[in-house]
Every structure is written in C-alpha cells, then in structure tokens.
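Student: build me a model from this:
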Amino acid sequence: MREIVSSIQPSAAIQFALDKLPADSAHKLQLSYDPFAAQQSYTRRVTEESIAITAADEAGMMYGILDLADTLNDRQPLTDTAVAPYLKQRGIKFNVPLDARTPSYSDASTSATKNVPVMWEKDFWYSFLDRMAEQKYNVLSLWSLSPFPSMVRIPEYPKACIDDVKITTKPFHALLTGKGIYGEDHARSLITVKKMTIDEKISFWQDVMAYAKTRCIRVFIITWNVFVYGTEDSGYGLTDSLDNPATRDYLYCAVKALMDTYPLLAGIGVTAGENMRFTDTHQKESSLDVAYIRETYGRAVDDYLAAHPERDFTMIHRMQMTRYDQIMDYYKDFKGRFEISFKYSQAHMYSSTRPAFIKSFLAEKAPDVKIWLTVRNDDYYMARWGDPDFARAYLTNMPSGCMSGFYMGADGFTWGRDFMSINDNAHPLFIDRMWYMFKLWGQLAYDPSIANDRFTASAATRFGLSFKDAVALCRCWAQASQLLPIFQCIHWHNYDFEWYPEGCCMYLNAPDMDKIVFADVNEFIACQAMPGAGYASIAEFADAAAAGKTPAGISPLDGIRKMQELATQVSEQLPKLLMMEGNAEYRQTLADIKGMNLLGSYFAKKELAAARLALYRRTGDKALQAEAVALLRQAAVLWKQYSAWMKRFYRPQVLTRLCGKVDVQEFDPLADLDVLLAAED
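Tutor: Numbers count the residues shown, from 1 in each chain. This next block holds a predicted model:
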C-alpha cells in the first residue's frame, strides 16, 4: 500500500494485518470505525484510487485487512463487501501436554510426549496464534486433566506446584477414565527437558495470553475431573477421592488463584464425568458429581466474581456424562455467565453434516441458555482433508441461534508440532501442515458465503499453481475428502477409542483382551449406521433383503455406490495432477489425496463384501458368499496399497485412546484373514 489514511492508531492486531498487505498495491487505504456496527464486522468499499475499510472494532478491522491481504496476494478481483460474523466465537480445542506430571487426556501418546517441550516455546505459541488469527479463530481452549500445578501458585497450597518441565521414558497405558497417565513408574523415569521455576511458568502463560489478546483471541482453560496430578509430593494429602475434604478445598482455592493470576483468562470449563462416580445406571451419582463441581469450581468462580464484579468471565459446563436438568438446578443461583457445552458429532465430525445427537438436548434446554459445541476431529491425524462444501454445510446446519460458539479439536492426538511426517524434519506446526482444513473451518465459520474460488485461489498461491490447475486440484481434493464422511454415516462408532478410521482399528478392552484390534468383516457387518443420518445399517439391509423388503432409510449400497464413483473420479484425476508443476507441499498434498482415496476405496469394497456376506448368512445363497470372498480379496490388495503408501510418509504413532501404537502395515495379514473368514463361513 502506498498510503494509509486513518485517524486510528494501529494496534498490534491491526499492524499484524497491515504487515500482510503486498507492497506493490497502488490503492490508498482508508481505515475507520463504526461503533454502531455488529461486533467483529467490517465493510470494504473500493474505488480506482482507494480502498476504505470501516469496522466495528479492532477484531473487525484486523479481519477486514487480512481479507484484503488475501485477495491482493492471491491476485483476485477487488470488490465491495460487507461481512458480519456468522458464529461469534470460533475456537480450537487443544489438549495441552504441559508436563508428564500434569497431563492432558491425550498425553499417553507419541505426539504429546514430543510436544511437551514445545508447549513452553513462545515462538510456537506466537506462530500458532498468528495462524489462528489469519483464519479467524478467536478462541483458544486449553484442555488439561490437572493444569494447576504447572500454571499457578496457590496461596493456601504453596507446595502444590512444580518447577521445570519433564517427560517420562516409561511407556503409557492409561485407562479411558484418564487414570494412569502418570503414576509411580513414570515418576521414577522423569527427564527434565526445560528448567523453569513456577514463577517463570506463570510469566510464560501470562505472556501467551497477552499475545493472544493482540490477535483478538480469548483463552479458556477446560478440565476433566477429578484429578490431582502434579500434587503427589506436596504433602497436603491430596487424592482423587471425592470424599477427601482437602481435595475439595484445593480445587476451590486453585480456581480462585488461576483467575487471580491470569486476568486475561476468559473462562474455565468443567466436566462432571471422567474419574468421578457416574455410571449410566446411577443417575443419582451423576447428580452428586455435578454437586461436587458446583461446590468447588462453581463456588470459586462465584466468590471471585463477587469480589471482582468487573471481571468478564465465563463458566462452561460440559454435558458429558451428566444431565441438563441436574446441571441447571445446581447452577440456578450462579452469579456469573454460565454456558453449556455439547459434544456435537461425538468424536467423528467427518460424518453427517447434520448430526442428530443434539436434538433431544435442544428440545430440553431453556431458550436463553447459550451453548458451545465441541467438534471432535479424531478422524484425520495423517491425511490433509479439504472439502469446503462439507464444512459450509456442517457449519450452517449448526443451531447458531442459541450458540456462543464452538471449539474444534482432537482427543487422541496433540495439535502442536508435527512429529509424524517422515519427510519434514523441521516439524512444522500441525495447523500449518493442515492449513487448508483450518482455513476452511475458520473462514467459513466467520462467513459461510465465501465462494469456493477464494479457497482455490489460496491453494494456487500456496502451491505455486495456476488458478486453472488449482481448480482441478481442489475438485479432486474435495472428492477424496467426501469418502470418509459417507462411510461413517454407514459405519458408525461414537468415540475415538471405538474407531480410528485411518487405521481401520479400535481399542478393545475385555476380560481376556486389552489391545488394538483391526476391524474385520464381521465388525463391518455388525456395525450400526450413524443415528439420524438416514442410512440403514448392513444388518438392517440384509434382514430386509432376505425378507424381500426394502430397508427403512437409505440403503448402505447407495452410499457404497457413491463412494465407488468418487474413488474412480479421483483415480482418473490423480495422474493429471501429478503432471502439474507445483512445489514440495503440493506433492505432499497429492500423496495424502491418494492415501484418502485408497482408504475410501478399501472401505467401499469391504463394506460391499460385508453386505454380501451378511445376506448369504441369512439366505444360504453360495453365490453371495463367493462374491463376498472375491470382494475381500480385492479389498485386501487395496489395504496393502494404502498401508504401504501411508507408511512412506508417516511414522507409526502411539495414540492415547487406543492405548498403543498404530502401525497400519502390521494389519496387512489381518486384511487377508478377512478372505479366509468369509470362505470358511
């Protein structure tokens, strides 16, 4: 820009955006505020000589300038525009591995262990927050089982904090409740990776939150309960027993100290579930868990806000493992801002664009209660996903009228630096490697009307492609990205430990088994369809077909047919894309598209075999069995192609909720066993 005309003194956020503008533009830039406009909104007016951006506030101005920078850098036409945020709070869910002694739920994993020292690098957080702001995320939620000893000095419990940053050399085998992520064997095998006092740690996180503010990002801390990791040597007798009065008081004091230590902390979230008394058959115990959280966390926030009424602070209570009526009953006299969080697609957001799990909750909750949606991506840890139409549909189907916002993230993997990619020893930020995915979700959550061409232009710039070539790439990329969502509408498991699609595997914990298992053809036959997605399951299809009837809902064969059509289209396009000139990241993206396509092709072939085998078992028709065997042979070839391909680019990883290492190539013999299983049926 040659000239900036403004009465506004550029803040750090605005200067950050201005620095993204190309230096060769001949337009004069005019900046002004309209205090009557909607928060975070902006308008842009373009003439031959000037570009005028009028924004409601600092965030709106930053977004307006960043959008202008994208348009100019991608050499797209400049037009007038007016944008207001569709979802006002657009967040990242980040399970933060602070220390082996104060773990998050993801910490029994390779990615978490590798990222422990990264969490104490300011350069990492500055870059991460920059990327968030560029893609219009404005909430960073840090999730930890026991954050307090690594983040705060509690006046009443001064020894309940830890110096230094440590990892452990002992392997993990945590329970799904979060217990056992750190224990006595880990304590005997600690390694210091960074020397820091607790006061230096506090200063570190104060600085991170201050930097987040310069990118118009608010920081929340969210816990599971009840855990006291990091206090084992404090001498206060703290335990995870809900009957321990010392623990109750510790949590109460810890929350107050956290709020006092971090004046920029926007809120705290709680879960009355993990490591508490609740079971599906004991609703009374669920009520006791809510009461415990209210008496500790809730009372602390209440009391702190009573003494500091000027503080803008939100308490978020998750619906996990509890009931809405119980929560609202205990918090009816809560003085602060109180909101509810709901796990929108369980652990698998890449499924239906209109998940039905929330329907009964929406019918029950009071109209004025605001909600957060937890959007879980435990589908893609390796492959780069990218389908703007899916993201747009998913976001616009959200119950936006009653939402405060959403946060998107994983439980089985840490979104820090990427230590999984074999060919990139620089360990880029995961948010950078998955830049297209993060761009789609963040930008469309702010403005779902953005045309696909804008994302195509960004891909062209990023990969060094012509716009025409980028159109071909993004079309193929979207088609490959559609395969898993279709499949997961037919083949559904709620949670990440029940199903990791990139590995076609799950964690099985039974009296005689405690290991990762490959999902065989019998599992494909038995698996239900996604509730509310409209599809019949394989079993429902086979029951109906054996009786000469049509199954209720969409036949799974229709979904399989669509997957096969998409996979064929991707296979036809990939050779042409490989002939295009692009940079190294372009080649890596093509490799991921091929991997997604091989996996989708495998799922489609195996699901079709499951349908044939299920029908054979009901009718005795040997021709169906023979067809199933032939399909499974073809599927086994596809699996081996997929596993060998992904092993070229990604290291096997220990994944938390699967309680062990996933090496896709080790499942090759099990893909062959599917053939024998069907043949000997």
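Student: which parts of whichever strand or helix holds residue 14 are buried?
Tutor: Secondary structure from DSSP states H and E places residue 14 in helix 12-18. Within helix 12-18, the residues that count as buried by 16 or more other Cβ atoms under 10 Å are 13, 14, 16, 17, 18. All C-beta atoms are positioned from the backbone trio N, CA, C, and that covers glycine.
Student: for those residues, which one is nearest residue 185?
Tutor: Distances from residue 185 to the buried residues of helix 12-18, taken as Cβ to Cβ, are shortest for residue 16 (45.6 Å).
Student: which residues does that closest one contact?
Tutor: For residue 16, the contact set (Cβ atoms under 8 Å, 6 or more residues apart in numbering) comprises 62, 130, 133, 214, 215.
Student: could you export the buried residues of helix 12-18 as CSV, including distance to residue 595?
Tutor: Output for those, formatted as CSV (distance: Cβ to Cβ, whole Å):
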residue, distance to residue 595
13, 38
14, 41
16, 35
17, 35
18, 39
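Student: phi, psi of the spatially most central residue of the chain?
Tutor: Central residue of the chain (Cα atoms, centre = their mean): residue 409, 1.6 Å from the mean position. Dihedral pair for residue 409: phi -180, psi -180, per degrees, to the nearest 10.
Student: likewise for residue 462?
Tutor: phi -60, psi -40.
Student: use 4 as the first number for this chain going forward.
Tutor: All set: I'll call the first residue 4, so the last point we hit is now residue 465.
Student: that one against residue 588, yeah?
Tutor: Yes: if you go by Cβ atoms under 8 Å, residue 465 and residue 588 touch, sitting 6.9 Å apart.
Student: for the two, list the residues in contact with both.
Tutor: Listed contacts common to residue 465 and residue 588 are nil; contacts here mean Cβ under 8 Å, 6+ apart.
Student: returning to what we had before: so who does the residue nearest to the centre of the chain touch?
Tutor: Per Cβ under 8 Å, 6+ apart, neighbours of residue 412: 95, 96, 97, 98, 144, 146, 378, 379, 380, 418.
Student: try 7 Å
Tutor: Counting by Cβ atoms under 7 Å, 6 or more residues apart in numbering, residue 412 touches 95, 96, 97, 98, 380, 418.
Student: quick check: bridge partners of the fifth one?
Tutor: On DSSP bridges, the residues paired with residue 380 through beta bridges are residue 351.
Student: one more: the first one?
Tutor: With beta bridges defined as DSSP bridges, residue 95 has these partners: residue 143, residue 411.
Student: between the buried residues of helix 15-21, which is closest to residue 273?
Tutor: When the buried residues of helix 15-21 are compared for distance to residue 273 (Cβ to Cβ), residue 16 comes out closest, at 30.2 Å.
Student: excluding sequence neighbours, find me the nearest residue to the closest one.
Tutor: Computed as Cβ to Cβ, 6 or more residues apart in numbering, the closest residue to residue 16 that is not its neighbour in sequence is residue 65, at 4.5 Å.
Student: am I right that that neighbour is in contact with residue 17?
Tutor: Yes: contact status for residue 65 versus residue 17: in contact at 5.8 Å, counting by Cβ atoms under 7 Å.
Student: for residue 487, give me its contacts.
Tutor: By Cβ under 7 Å, 6+ apart, the contact set of residue 487 is 353, 382, 504, 603.
Student: now do the contacts for the first one.
Tutor: Remark: with contacts taken as Cβ under 7 Å, 6+ apart, residue 353 is in contact with 382, 383, 388, 487, 488, 491.
Student: quick one: which of the residues you listed sit in helices?
Tutor: Members of the contacts of residue 353 lying in helices (criterion: DSSP state H): 487, 488, 491.
Student: a markdown table please, covering those residues and showing distance to residue 310.
Tutor: As requested, the ones in helices among the contacts of residue 353 are exported to a markdown table (distance: Cβ to Cβ, whole Å):
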| residue | distance to residue 310 |
| --- | --- |
| 487 | 50 |
| 488 | 49 |
| 491 | 48 |
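Student: was I right about residue 593 contacting residue 580?
Tutor: Yes: the pair residue 593 / residue 580 is scored as a contact, 5.8 Å apart, by Cβ under 7 Å.
Student: which non-adjacent residue is nearest residue 150?
Tutor: Leaving aside its chain neighbours, residue 150 sits nearest to residue 224 (5.8 Å; criterion: Cβ to Cβ, 6+ apart).
Student: which residues touch that neighbour?
Tutor: 145, 150, 261, 268, 271.
Student: pretty sure the last one is in a helix, no?
Tutor: No: the assignment for residue 271 is strand, going by DSSP: H, G, I helix; E, B strand; the rest coil, so no helix is present there.
Student: from residue 473, how far off is it?
Tutor: Between residue 271 and residue 473 the computed distance is 43 Å (Cβ to Cβ, to the nearest Å).
Student: so the two - more neighbours on which side?
Tutor: residue 473 (26 against 22; other Cβ atoms under 10 Å).
Student: for the longest helix belonging to the chain, the distance to its chain's centre please.
Tutor: Scanning the chain for the longest helix, with DSSP H as the assignment, gives helix 587-622. Put simply, helix 587-622 sits 23 Å off its chain's centre (Cα atoms, centre = their mean, to the nearest Å).
Student: same check on stretch 103-111?
Tutor: Distance, centroid of stretch 103-111 to centroid of chain: 17 Å (Cα atoms, centre = their mean).
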